[in-house]
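Engineer: A predicted structure for the sequence below; I have some questions about it.
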Amino acid sequence: MKQLKPVTTISGMMKATTFGLTVASGMILSGCESEPEGISPQQFTDALHKVMESDRAVYTKQVVNRLAKDEKVIKASEHFMDEKALPLPAQMFRFGAEMVASKTDEFSYSLQSLWPINKQNAPVTEVEKTGLKFISDNPGENYYSEEELGGQKYFTAVYPDIAVAPVCASCHNEHKDTPRSDFKVGDVMGGVVIRVPLGS
Amino acid sequence: MKWLSWGGVSILLSVFWGWSLFAKDQNARYLIGETTDGHHQIELACNSCHVAPFGGVELIQEACTSCHGAELALAEDSHPKSKFTDPRNAARVDLLDARYCATCHIEHRKDETHAMGVTLPEDFCFYCHEDIAEERPTHENVPFTDCLNSGCHNYHDNKALYEDFLVKHADQPALGVNPHQPARNLLEQVIAEQGFVEPMTQAGADHPASLDVSSAILDDWLQTAHAQAGISCQGCHQGKDADDWVEKPGLSACQTCHQMEAETFMQGKHGMRLAVSDELPLSPMTPAMGRLPFKLESIDTELSCTTCHGAHRFDAQKAAVESCLGCHNDEHSLNYQASPHALLHELEVAGQGNPGTGVTCATCHMPRLEGARLQRSKPEGSELEAKAVQVMHNQNDNLRPNEKMIRSVCMDCHGFPFVLDALADPELIRSNFNGQPSVHVKSIEWATER
């Protein structure tokens, strides 16, 4: 695995992990002990993904599934302001990604799918297309590649996004814009794509 | 000799242009083209937009967002910069760099500028939404020039146009059950904030003894919320020191209590010249400087708070119609008096209509807004904030695209489908809504049929 150029030093990493990633920084540090030259982009994105995946699962299970599906005290809605409802898990994820983007360009991430409710979440680049296909054909595996976008080279990692709670499947299956309505708990519903710019 | 005179002329020219570059009152020489209707009032305050000499596009962008950013956030901008900074959109950004306002809104190109200050060809939605018909078969034969000017979509503000909103309000009748605008409650807000306030009597007027104040003036004052809220003559007329008497208090005096009104006044066409930096203070706006049809007799009237509100009486009725029509002379304004809205206003003033049922110029163009929509001076999320009703003094806030009025104004009284059609009908707008819409926007059917 290609090592990151000096831009992504530990301090750079720490700066990059702006949303209080104790898990991630822990892994970065331990990664460094065995590889003094630095950590690989893959270790970086793997660590980031652990945090993203966990936060996303917690929000979906402890907030959305519990309050909207089990206790039925509040809805989750795309128009959460107008409806005085909970933001959808996908919106929660995107708002975080947008806030990160406003703070750093050392990494970026997004949630996508081959069966998107929101067509803007369909894969765009070749790596996204191949990666999403790969993770849905090979459950449990991630996809790593490199690509050039807008004249900049990126390390791009694609991680499966799994229906961790019953609401994931039910909400998507019932949505009028969904191209697929047979999701069930445990299915790969899409993927998280994380990009790290390489070198300069 | 020839070289010498060439050299001399060059030096003279460069001294002249160099001097005028730094002499701010010479700014007009550097205008590189006629400015848009949005900015022409402040075109000589170059540094409002050109913040620094060598700033480049990023600094211009900062200038755009420093005036328009908050408004875009409130509108829940459908195409925020953050949608385009992700590297996966690099190919799109290559086609149309939507990260920067100035990609679509180029200034100083009046001839190429069309509706909403856009300088791109009208069908620019095509760049990213070329394949929309695959997802929405109803859109199959709709030309891309229609996306934005048919009453269906806006680039930024779609708060009243998104699909679920259309569906949710699809069945509303043309007129609601209890049509009225919210009541103003500034006095209640002041009382809530300060606890009890003692209303004033004539004895409390507190003007300098040497000043002969007519009983008409005192009478006017006694009838206002100012007297109710315990504001004496000194409250407005006092200068820096206790015995300083200001003959004609201006914006700065009003602003001490009416921050939000002043702030929004300076965001709009009436007051924006006063918001420009102190470095090159601009004179107040006058109709003569405007680009709309105005009445000749008021062409040189300078605009400040008392221009519309008058002094002492601060008659809100006057400020809501009479003052507007004192200057504005376009067809929509002139047709107001004969409109159904004006009739409702007359009935309310005559005590024959319920409070809030009259519709004035201000009802639509300077609407009373509830709660957090406007509040900047109250603690965020406080009870005070939730209940406050304040008057938006930026007449431009909901003007264009006119769908911005749907939620902030029209739906106080009318059902959504009627409003959507009415606002898409230029002829109906010209006649000041005297009649029924002759245009029909199909978006609601398209949304409910899906």
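Structural biologist: In hand now; what should we look at?

Engineer: quick one: the strands in chain A?
Structural biologist: Taking DSSP state E as the test, the strands found in chain A are A:108-112, A:143-149, A:152-162, A:188-197.

Engineer: From residue B:166, how far off is the nearest residue to residue A:95 once chain neighbours are set aside?
Structural biologist: Nearest non-adjacent residue to residue A:95, counting by CB to CB, 6 or more residues apart in numbering or on different chains: residue A:87, 7.2 Å away. All C-beta atoms are positioned from the backbone trio N, CA, C, and that covers glycine. Residue A:87 sits 21 Å away from residue B:166, going by CB to CB, to the nearest Å.

Engineer: got it, and residue B:144?
Structural biologist: Distance from residue B:144 to residue B:166, counting by CB to CB: 20 Å.

Engineer: tell me, which helix in chain A spans the most residues?
Structural biologist: Taking DSSP state H as the assignment, the helix of chain A that covers the most residues is helix A:41-58.

Engineer: and it, is it in reach of chain B?
Structural biologist: No. Helix A:41-58 lies out of reach of chain B by CB under 8 Å from any CB of the partner chain, never closer than 13.9 Å.

Engineer: List the buried residues of that helix.
Structural biologist: Residues of helix A:41-58 classed as buried: A:41-49, A:51-53, A:55-57 (neighbour count, 16 or more other CB atoms under 10 Å in any protein chain shown).

Engineer: Also stretch B:28-37?
Structural biologist: Going by 16+ other CB under 10 Å, stretch B:28-37 has these buried residues: B:35, B:36.

Engineer: For it, give the mean pLDDT please.
Structural biologist: What stretch B:28-37 shows for mean pLDDT is 88.

Engineer: Touching that stretch from outside, list them.
Structural biologist: Contacts to stretch B:28-37, defined as CB atoms under 8 Å, 6 or more residues apart in numbering or on different chains, come from residues B:17, B:20-21, B:40, B:43-44, B:46, B:105, B:107-111, B:113, B:117, B:291.

Engineer: end-to-end on it?
Structural biologist: Across stretch B:28-37, the terminal residues are separated by 17 Å (CA to CA, to the nearest Å).

Engineer: rewinding a little: return the item of the contacts of stretch B:28-37 having minimum pLDDT.
Structural biologist: residue B:21 (70).

Engineer: how many neighbours does that residue have?
Structural biologist: Counted by other CB atoms under 10 Å in any protein chain shown, the residues lying close to residue B:21 total 14.

Engineer: got a list of what it touches?
Structural biologist: So residue B:21 contacts residue B:30 (CB under 8 Å, 6+ apart).

Engineer: Pretty sure it sits in a helix.
Structural biologist: Yes. Looking at residue B:21 with DSSP: H, G, I helix; E, B strand; the rest coil, it is inside a helix.

Engineer: Could you list the low-pLDDT ranges of the chain?
Structural biologist: Defaulting to chain A. Along chain A, the model assigns pLDDT under 70 to residues A:1-36, A:200.

Engineer: The intended chain is chain B.
Structural biologist: B:24-26, B:277-279, B:372-385.

Engineer: Mind doing that once more with 50?
Structural biologist: B:375, B:377 (pLDDT under 50).

Engineer: what's the burial count for the residue of it at minimum distance from chain A?
Structural biologist: In chain B, the residue found nearest to chain A is residue B:90; the distance is 3.2 Å by CB to the nearest CB. If you count neighbours by other CB under 10 Å, residue B:90 ends up with 18.

Engineer: Over to residue B:190?
Structural biologist: With neighbours defined by other CB under 10 Å, the count for residue B:190 comes to 17.

Engineer: got the contact list for it?
Structural biologist: Contact analysis of residue B:190 by CB under 8 Å, 6+ apart lists B:197, B:229.

Engineer: Spell out the secondary structure type for it.
Structural biologist: Per three-state DSSP, residue B:190 ends up helix.

Engineer: what does the one 3 residues further on give?
Structural biologist: When the structure is reduced to helix, strand and coil (three-state DSSP), residue B:193 reads as helix.

Engineer: Please report phi then psi for residue B:114.
Structural biologist: Residue B:114 adopts backbone torsions of phi -120, psi -160, taken as degrees, to the nearest 10.

Engineer: Mind jotting down where the helices sit in chain A?
Structural biologist: Here chain A has its helices, by DSSP H, at A:10-16, A:22-34, A:41-58, A:80-83, A:89-103, A:126-137, A:166-174.

Engineer: surely the residue nearest to residue A:95 meets residue A:80?
Structural biologist: Yes. Under the criterion of CB atoms under 8 Å, residue A:87 makes contact with residue A:80 at 4.7 Å.

Engineer: quick one, what contacts residue A:109?
Structural biologist: A:48, A:52, A:97, A:100, A:192, A:193, A:194, A:195.

Engineer: Around chain B, pick out the residues from chain A.
Structural biologist: A:78-79, A:81-82, A:97-98, A:101-102, A:105, A:108, A:110, A:119, A:124-125, A:128, A:149-150, A:152, A:154, A:176, A:193, A:195, A:197.
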